[in-house]
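Undergrad: build me a model from this:
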Amino acid sequence: MDWPEFVRATARLGVPLSSHQEARLREYTQRLLAANRRVNLTALRDESALLQRYLLDSLALLPVMAQTLGCSVEALRARSLRGIDVGSGGGAPGIPLAIAWPALRMTLVEATAKKARFLQEVTQSLELPVPVLSQRAEEVAHQPAHRERYDLVTARAVAALPALVELTLPFLRVGGWAFFPKGERAGEETQAALAAIQILGGEEVQKVPYPGSDAGAIVVIRKVATTPERYPRRPGVPTRRPLLRGTRKGEPEG
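TA: I've put the predicted structure just below:
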């Protein structure tokens, strides 16, 4: 995929880009490619793969978000919602979303210091008002400034869904939505995560096919109840001991 093809593809998604937005995405891509030679930010090593599987897949969340919230993509992009991207790595989907949706108040969470430094440098260079938190999600989610303060949460290639919901749902206000790009195992992961979703206050699981693709799905979860204060558990515990079927709400933390 080259840039003209990418721009046409975003228009087909219903996410047309201004020349300024396209220029920002170009700069972001070039900086990501250069930094990726020094720091392992993504397994995608060439521009074509980044355009298809990093940028376009990130922007494909917008029509799914709009449909979920019952509005057009244009109307969604005018709304000043608060979003958080957990385990941002090289910045997807948080940075592409922030570029294409200027009204979105996005925050990035990345625990690895080298990756967080890249995110801080690139957001400053692109003049994006996007805070970068270089901390573990398990710690940030217990801070009053971030706990249940967000309308939207995203995460890409962070963990299997049973662990991922514990790392992310505590950030959402009641009534907020989680959007998780997943591969061909989306259905299997969703079934495994049903207990965790319920314990953490989630409901209304949907698996939405990726727009314009027959591979993978976007798992959508609505927050309908307050997350119990004990969650997320200590750093590392959600991935080592995910909340699986048979776990009870009153079970002591691991």
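Undergrad: output the contacting helices and strands for the helix or strand where residue 239 lies.
TA: In the assignment (DSSP states H and E), residue 239 maps to helix 237-240. Here helix 237-240 touches helix 161-168, going by 3 or more Cβ pairs under 8 Å, 6 or more residues apart in numbering; DSSP states H and E. All C-beta spots, glycine's among them, are computed from the backbone N, C-alpha and C.
Undergrad: got the CA positions of the helix it packs on in PDB?
TA: C-alpha atoms of helix 161-168 as PDB (Å, rounded to 0.1, in the frame of the first residue of the first chain):
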ATOM      1  CA  LEU A 161      -8.900 -10.500  26.400                       C
ATOM      2  CA  PRO A 162      -9.400 -12.000  29.900                       C
ATOM      3  CA  ALA A 163      -6.400 -10.000  31.100                       C
ATOM      4  CA  LEU A 164      -6.900  -7.000  28.900                       C
ATOM      5  CA  VAL A 165     -10.400  -6.200  30.300                       C
ATOM      6  CA  GLU A 166      -8.900  -6.000  33.800                       C
ATOM      7  CA  LEU A 167      -6.200  -3.600  32.500                       C
ATOM      8  CA  THR A 168      -8.600  -1.300  30.700                       C
END
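Undergrad: so what touches it?
TA: Outside helix 161-168, the residues that touch it by Cβ atoms under 8 Å, 6 or more residues apart in numbering are 86-87, 137-138, 141, 153, 155, 158-159, 178, 180, 182, 189-190, 192-193, 195-197, 200, 202, 219, 221, 231-233, 238-239, 242-244.
Undergrad: what of stretch 28-41?
TA: With Cβ under 8 Å, 6+ apart as the test, stretch 28-41 has contacts from 42, 45-47, 50-51, 54-55, 89-91, 95-96, 99, 114-115, 118, 121-122, 125-126.
Undergrad: can you do 7 Å?
TA: Here stretch 28-41 makes contact (Cβ atoms under 7 Å, 6 or more residues apart in numbering) with 42, 45, 47, 50, 55, 89-91, 95, 114-115, 118, 122, 125-126.
Undergrad: counting neighbours, which of the residues you listed comes out on top?
TA: Ranked by neighbour count (other Cβ atoms under 10 Å), the contacts of stretch 28-41 have residue 91 at the top, with 32 neighbours.
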